[in-house]
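[1] Can you look at this prediction? I've put the sequence above it.
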Amino acid sequence: MKFKLALIAAVLSVGTAAFAQTKWDLPAAYPATNFHSENLVQFANDVDKASAGKLKITVHANASLFKAPEIKRAVQGGQAQAGEILLANFQNEWQIFGTDGLPFLADSYDSSMKLYQAQKPALEKKLGEQGLQLLYAVAWPPQGIYSKKPINSAADLKGIKWRAYSPSTSRIAELVGAQPVTVQAAEFSQALATGVVESTMTSGATGVDSKLYEHLKYYYDTQAWLPKNAVIVNKAAFDALDAPTKQAVLKAAADAETRGWAASRGVNTRTLETLKANGMQVLPPSAALKADMKKVGDTMLKEWVDKAGPEGQAIVENFRK
């Protein structure tokens, strides 16, 4: 009898091992309806399917598990196995993280992809040193200026309460004489409703997510830069997977990157139409505003290269080839 029980227990344990399931948490900072978040959910579903249920990834959108600035550290420390971060948020930690937040360096989807390819080797190396691995990255739609009042030149931004969400957006505010106020995406609508901010530089997608048309009247389509969200994984958690599951993750990540860039282009067109439909004036920047912002971009690029050193200079040179 004891032998039979032992045999049954052994069979059961083998069966359990064969169907052992790994669970990952993936925190993200943006609403569940945002195209980045929808892409993450598709990525998680693809991994689940390709791994035959061996790896389950739960996406926690809208900063519900960790706030945007906390996600990277949480993944590094193993509190979450993976996460989505806005690379430009971490420029103060390492200048190369802010490459795609430099105004007017890459001002279209094609040039943004080219900049990503120039930045990627250094990015992967740095993340590796931090115990992290890059799975994929997707650009936001191009960034424009939202405002309560008409903006004809940079002089009109002087003294305005400007929502900043990264070192580069804070620096733009300083250079045009605006007052930078740090507000993360999840708190943006409230900050507008209470008058904490009255202008910002962000994408049409964020404009729709945060219903900026309820508080702001003008959007200037400056196409200043296309910052990227990167999906990162804790290296130890990834290394602990078996070979087929690793392949499932990498394949799903490659698909998510391709799908995400295509979705971003579509979202850019749709969201600008949505802003217009809700009464916002969507306008091209005046020649004066464009020239003023180009000067800001040139200043910031020089400052960035000075801080980033030869590594940053090499990225810019490779991008411009």
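    Received it, and whenever you're ready, just let me know what you need. Numbers count the residues shown, from 1 in each chain.
[2] For beta bridges, what are the partners of residue 58?
    Beta-bridge partners of residue 58, counted by DSSP bridges, are residue 25.
[3] SS state for the nearest residue to residue 173 once chain neighbours are set aside?
    Leaving aside its sequence neighbours, residue 173 sits nearest to residue 180 (Cβ to Cβ, 6 or more residues apart in numbering; 3.8 Å). In this view, the C-beta of every residue, glycine as well, is placed from N, C-alpha and C. Of the three states, residue 180 takes strand under DSSP: H, G, I helix; E, B strand; the rest coil.
[4] number of nearby residues for residue 180?
    17 (other Cβ atoms under 10 Å).
[5] and if you look at the one 4 residues further on?
    Around residue 184 there are 16 other residues, counting by other Cβ under 10 Å.
[6] now do the one 4 residues further on
    By the criterion of other Cβ under 10 Å, residue 188 has 23 neighbours.
[7] before we move on, what SS does it have?
    With three-state DSSP as the basis, residue 188 sits in helix.
[8] same thing with residue 213?
    helix.
[9] all helices for the stretch 101-250 of the chain, in order.
    Per DSSP state H, counting those that start in this stretch, the stretch 101-250 of the chain carries helices over the ranges 109-129, 167-176, 188-193, 204-209, 235-239, 243-277.
[10] Any chance of these in a markdown table with mean pLDDT and distance to residue 67 as columns?
    A markdown table is the format used below for the helices of the stretch 101-250 of the chain (pLDDT from 0 to 100; distance: least, Cβ to Cβ, whole Å):
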| stretch | mean pLDDT | distance to residue 67 |
| --- | --- | --- |
| helix 109-129 | 98 | 20 |
| helix 167-176 | 93 | 17 |
| helix 188-193 | 88 | 13 |
| helix 204-209 | 89 | 16 |
| helix 235-239 | 98 | 21 |
| helix 243-277 | 97 | 22 |
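[11] Determine which stretch of those is the most buried.
    Among the helices of the stretch 101-250 of the chain, helix 204-209 has the highest mean neighbour count (mean count of other Cβ atoms under 10 Å), at a mean of 23.
[12] how far does that one sit from the chain's center?
    Remark: helix 204-209 is offset 14 Å from the chain centroid, using Cα atoms, centre = their mean, to the nearest Å.
[13] now swap in stretch 63-81 and tell me
    Averaging C-alpha positions (Cα atoms, centre = their mean) puts stretch 63-81 14 Å from its chain's average.
[14] Need the distance between the two termini of that stretch.
    Terminal residues of stretch 63-81 lie 16 Å apart, using Cα to Cα, to the nearest Å.
[15] Show me the contact partners of that stretch.
    Contact with stretch 63-81 is made by 24-29, 57, 60, 82-86, 89-90, 130-132, 184-186, 232-234, 236-237, as judged by Cβ atoms under 8 Å, 6 or more residues apart in numbering.
[16] The same query, at a cut-off of 6 Å, please.
    24-25, 27, 29, 83, 85, 130-131, 184, 186, 232, 234, 237 (Cβ atoms under 6 Å, 6 or more residues apart in numbering).
[17] closest to residue 147 among those?
    residue 184 (20.1 Å; Cβ to Cβ).
[18] What pLDDT is listed against the closest one?
    Residue 184 is assigned 81 on the pLDDT scale.
[19] got the contact list for it?
    Neighbouring residues of residue 184 by Cβ under 6 Å, 6+ apart: residue 68.
[20] That one and residue 202, how far apart?
    According to Cβ to Cβ, to the nearest Å, residue 184 stands 12 Å off from residue 202.
[21] Residue 92: neighbouring residues, count only.
    Using other Cβ under 10 Å, residue 92 is surrounded by 12 other residues.
[22] Contacts only, for it.
    Residue 92 touches residue 167, counting by Cβ under 6 Å, 6+ apart.
[23] mind checking pLDDT for the spatially most central residue of the chain?
    Centroid-nearest residue in the chain: residue 229, 2.1 Å away (criterion: Cα atoms, centre = their mean). Residue 229 is assigned a predicted lDDT (pLDDT) of 98.
[24] That one bridge partners, please.
    Counting by DSSP bridges, residue 229 forms beta bridges with residue 86, residue 138.
[25] Test my guess that it contacts residue 84.
    Yes - using Cβ atoms under 6 Å, residue 229 is in contact with residue 84, at 5.4 Å.
[26] about what we covered before: can the helices of the stretch 101-250 of the chain go into a markdown table with extra columns for distance to residue 308?
    What follows is the helices of the stretch 101-250 of the chain, written out as a markdown table (distance: least, Cβ to Cβ, whole Å):
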| stretch | distance to residue 308 |
| --- | --- |
| helix 109-129 | 10 |
| helix 167-176 | 12 |
| helix 188-193 | 29 |
| helix 204-209 | 26 |
| helix 235-239 | 24 |
| helix 243-277 | 24 |
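[27] Minimum distance to residue 285: which of these has it?
    helix 167-176 (13.0 Å).
[28] Restricting to C-alpha, output the closest one in CSV.
    Only the C-alpha atoms of helix 167-176 are listed here, as CSV (Å, rounded to 0.1, in the frame of the first residue of the first chain):
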residue,chain,number,x,y,z
PRO,A,167,14.5,66.1,-17.6
SER,A,168,14.2,67.2,-21.3
THR,A,169,10.7,68.7,-20.9
SER,A,170,11.9,70.5,-17.8
ARG,A,171,14.8,71.9,-19.6
ILE,A,172,12.6,73.1,-22.5
ALA,A,173,10.5,75.0,-20.0
GLU,A,174,13.6,76.7,-18.5
LEU,A,175,14.9,77.7,-22.0
VAL,A,176,11.6,79.4,-23.0
